[in-house]
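>>> Mind folding the following:
(2 chains)
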Amino acid sequence: MNSFLALSKKEIHQMVREFKLVWLPIVFILLGLTQPIMMYYLPVILQSMGGVEGIIIDPAMTKPEGREVLASTLNSQFDQLGIIILVVASMSIIQGEKANGMMAFILTRPVSIASYLNSKIMIHYLLAVICITLSYAVSYGYSAYLFTLVPFKEALWALAFYCVWLLFVITFVTMMSTFFKSPAFIALISVVVLLICRFIAGLHPFIDIMNPASNSLFATNILMTGNIDKWYSIHSVVTLLLVLLMIVMMQSYMAKKKC
Amino acid sequence: MSINVRLEINNITKKFKQKTVVNSFSMMIDTHECVGLIGPNGAGKSTLIQIIADILYADEGDILLDGQKISAMKNQIGYLPQYPNFFSWMTAFETLSFMGTLSGLAKHDLQKEIPVLLEKVGLANEAHFHVGTFSGGMKQRLGIAQALLHKPALMIMDEPVSALDPIGRREVLNLLKEIKKETTILLSTHILSDAEEICERFAVIKQGHKIEDATKLELLERYQESAIFVMIRQEDTKWLARIEHLPYVKKVESYGDGFKIHVHHMEADAQKLLQHGLDAQVLFLKFEVGIQESLEEIFLQLVV
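The predicted structure is shown next:
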């Protein structure tokens, strides 16, 4: 437990020294701003870009509701650019220390592989949650200001489901970082797999149970419809089990290979 | 450290793919011994060291420290990798504090211990500099500091001085001489003169096999040549032609400033030879019984 805390502290320390704790939240805040502002100015943009003469833009059609704006922040900003940024920001969390020998060095101390891995996943997940929450809060504020207010409870539930998906994202990147040596390959395979997961979400109810990205889809649904279905949580439980399975796989891989 | 620990390396074998890197290597190291693991590049030194440090698994055999598996005794081991790599964003003080915490040392102990240790390795003035700005020698000394921090009973060092310049090497060797007084040391190197300075026992490894394990004195004795070295005046050289035909002289050869006379039984034949020379009125400028080779030469003989 002591070494787990020391390792976690070291991760935070590293994030501060490498300014990750500064730039990542800023990037995400900008990302959260984009959607409401872009949607607000869309009619103006369309008009000024020209080429729409003769077509009447119905103002009632172009002015969406706050809930739609917030939902599209989730599914078109976070789930695309957001995931890519997160993957790139955390692709070398294990691989980097493996390559420069720090991992082997740390493990010559009485430190368990579990506390080494879990401290990394936990801290990077926390950072991701902080970034997404900040960004989401900004997006929420702007949607309310420029469009209509989304009920706070629904917004919170949507965020909660989204964070389950986020846990899967971070654990998956960590797993790829444990298995592979090349950072470019880690980034590529993580982005491809995660985006495919997101695209096939909602295709078929059976696939959805296994698909961690369905949590993200639920978040969007909650925002769009305002319904919080109880059975959504089954999917979250399955996702958490998947995360657990990945952690076990990583640990046994590291225990077997050592480095 | 006062506890008696004994490192037992039992039949270690390690293969990478098809290549056997370490081949049933066994060795015992007693408390307060300083053992040099010598071998050419690629002999399996680093692999063996890493197995002892519990970074790699051995395919066969086990390593016991004080009768217990090494993985349960990590607190008793200080390990210095070949190229100690630290987080460049940490200062020397933070590095030691981090490594110490991982070893389970309490915070207030660390606050007390670290300055003392940094003083010892000569980094007291650089305590709050980032490790990224350190030279190779400084990093190596910091590496030694982190290996010493938890007061291990056994220090394992992988080529502690090979990558350093003469000044850095001097610093580290002097430091190791200090450490040696209180800790058991196992170090690997391919530079014999370094090992010679601090270790009294050598294990020579070649292609994964242990081919020699002896103290320095034993080695020197074992590889002593039964030859006599003489230096004589120019006008006496014709005497050499005469002794070449003596029954107990095997061979006479020119060696350095003088001559090497190979004989059968060194001490008895030396006596006879000296007498013979005196009778022939030869003036010996130098008469040396038994030519000692340097460790370097013995090492070359062993591994080539």
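
>>> switch to C-alpha atoms for all contacts and neighbour counts from now on
Noted.

>>> How about the residues of the stretch 51-200 of chain B by chain A?
When proximity is defined by Cα under 8 Å from any Cα of the partner chain, the stretch 51-200 of chain B lies next to chain A at B:53-57, B:74-75, B:79, B:81, B:85-87, B:89, B:98-99, B:101-104.

>>> which residues of chain B score low on pLDDT?
Across chain B, the ranges flagged by pLDDT under 70 are B:1-4, B:292-293.

>>> Helix or strand: which one has B:Arg242?
Assigning secondary structure by DSSP states H and E places B:Arg242 in helix B:237-243.

>>> Residues touching that helix, excluding its own?
Contact with helix B:237-243 is made by B:249, B:252, B:277, B:280, B:282, as judged by Cα atoms under 8 Å, 6 or more residues apart in numbering or on different chains.

>>> quick one on the thing from earlier: go through the residues of the stretch 51-200 of chain B next to chain A and flag which are in helices.
Mapping these onto helices (DSSP state H) picks out B:98-99, B:101-102.

>>> Of those, which is the nearest to chain A?
B:Leu102 (5.0 Å; Cα to the nearest Cα).

>>> What distance do you get for the closest one to B:Leu96?
10 Å (Cα to Cα, to the nearest Å).

>>> Kindly format the C-alpha coordinates of stretch B:77-84 as CSV.
The C-alpha trace of stretch B:77-84 is given here as CSV (Å, rounded to 0.1, in the frame of the first residue of the first chain):
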residue,chain,number,x,y,z
ILE,B,77,19.6,-6.2,-2.1
GLY,B,78,21.0,-3.1,-3.6
TYR,B,79,21.1,-3.2,-7.4
LEU,B,80,23.0,-0.9,-9.7
PRO,B,81,22.1,-1.4,-13.4
GLN,B,82,24.6,-1.0,-16.1
TYR,B,83,23.2,2.3,-17.3
PRO,B,84,21.3,3.7,-14.3
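
>>> how far is that stretch from where the chain is centred?
Put simply, stretch B:77-84 sits 16 Å off its chain's centre (Cα atoms, centre = their mean, to the nearest Å).

>>> do stretch B:195-213 as well
7 Å.

>>> How about stretch A:245-259?
That offset, for stretch A:245-259, works out to 23 Å (Cα atoms, centre = their mean).

>>> How about stretch B:268-285?
40 Å.

>>> Give me the contacts around that stretch.
B:228, B:230-233, B:236, B:239, B:248, B:263, B:289.

>>> Mind doing that once more with 10 Å?
With contact meaning Cα atoms under 10 Å, 6 or more residues apart in numbering or on different chains, stretch B:268-285 is reached by B:226-228, B:230-233, B:235-240, B:243, B:246, B:248-249, B:258, B:261-264, B:267, B:287-290.

>>> B:Leu102 and B:Leu96 - which one has more neighbours?
More crowded of B:Leu102 and B:Leu96, by other Cα atoms under 10 Å in any protein chain shown: B:Leu96, with 27 against 24.

>>> give the contact list for that one.
B:90, B:102, B:110-111, B:113-115, B:117-118, B:127, B:142-143, B:145-149.

>>> Same check on A:Asp79?
Counting by Cα under 10 Å, 6+ apart, A:Asp79 has contacts A:72-73, A:162, A:165-166, A:194-195, A:198-199, A:213, A:216-217.

>>> Please list the members of the contacts of stretch B:268-285 that lie in helices.
Those of the contacts of stretch B:268-285 lying in helices (DSSP H): B:237-240, B:243, B:267.

>>> how about the residues you listed in a markdown table, adding distance to A:Pro151 and neighbour count?
Listed next are those as a markdown table, based on distance: Cα to Cα, whole Å; neighbours: other Cα atoms under 10 Å in any protein chain shown:
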| residue | distance to A:Pro151 | neighbour count |
| --- | --- | --- |
| B:Thr237 | 112 | 13 |
| B:Lys238 | 115 | 10 |
| B:Trp239 | 115 | 15 |
| B:Leu240 | 112 | 15 |
| B:Ile243 | 113 | 18 |
| B:Glu267 | 105 | 15 |
